[in-house]
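Q: I'll drop the sequence and a predicted model, then ask my questions.
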Amino acid sequence: MLDTNTVSALMKGHPAIAARMIATTRADVGITQVTVAEIEFGLRYLPASRRRRLLQEQWNVISPELMRLPWDDQVSRAFGERKARFERAGKRMSDFDLAIAAHAIAHGAIIVTADEGFDRLGIRRENWLA
């Protein structure tokens with residue numbers, strides 16, 4: 001499951017991520033609607049420019065190729081359990097990152113991200129940017 005930073009790097013043409021995508025079965029790669037929302041926000045936040053247009057064009061090509069993992073009750077439970085645990089412990093994690101992690105937990109997926117903050121959740125993580 002690709003995190004937002006991985007999708008963003010793919011949109012920018014990062015060669016290591018492109019190579020991994022080519023080598024990975026399409027059915028084995030997905031994203032969450034949370035990632036879609038973050039990408040859509042990022043595109044709209046950028047000022048109108050050639051860069052924004054090129055990134056939007058890349059997203060238009062990449063987006064339909066990425067399977068969406070559903071947000072179901074298992075994801076909601078995983079989110080609620082971890083959010084409550086973090087809050088009680090006085091730890092913080094953005095709700096969007098926690099929602100992405102909850103998808104990985106609920107679906108038994110490996111999260112593909114450079115963000116080491118996910119490690120404290122005890123989920124499997126790969127960094128395709130390295």
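A: The structure has been received and is ready for your questions.

Q: After the strand or helix carrying residue 44, which helix or strand is next?
A: For residue 44, the host element (DSSP states H and E) is helix 33-45. Moving toward the C-terminus from helix 33-45, the next helix or strand (DSSP H and E) is helix 50-62.

Q: hang on, the earlier thing: what's the helix holding residue 44 packed up against?
A: helix 4-11, helix 50-62, helix 95-107 (3 or more C-beta pairs under 8 Å, 6 or more residues apart in numbering; DSSP states H and E). Using the backbone N, CA and C atoms, a C-beta is placed for each residue, glycine as well.

Q: so how far is the first one off the chain centroid?
A: Same thing as helix 4-11. For helix 4-11, the distance from its own C-alpha centre to the chain's C-alpha centre is 8 Å (C-alpha atoms, centre = their mean, to the nearest Å).

Q: go on, stretch 113-122?
A: When distances are taken as C-alpha atoms, centre = their mean, stretch 113-122 is centred 12 Å away from the chain's centroid.
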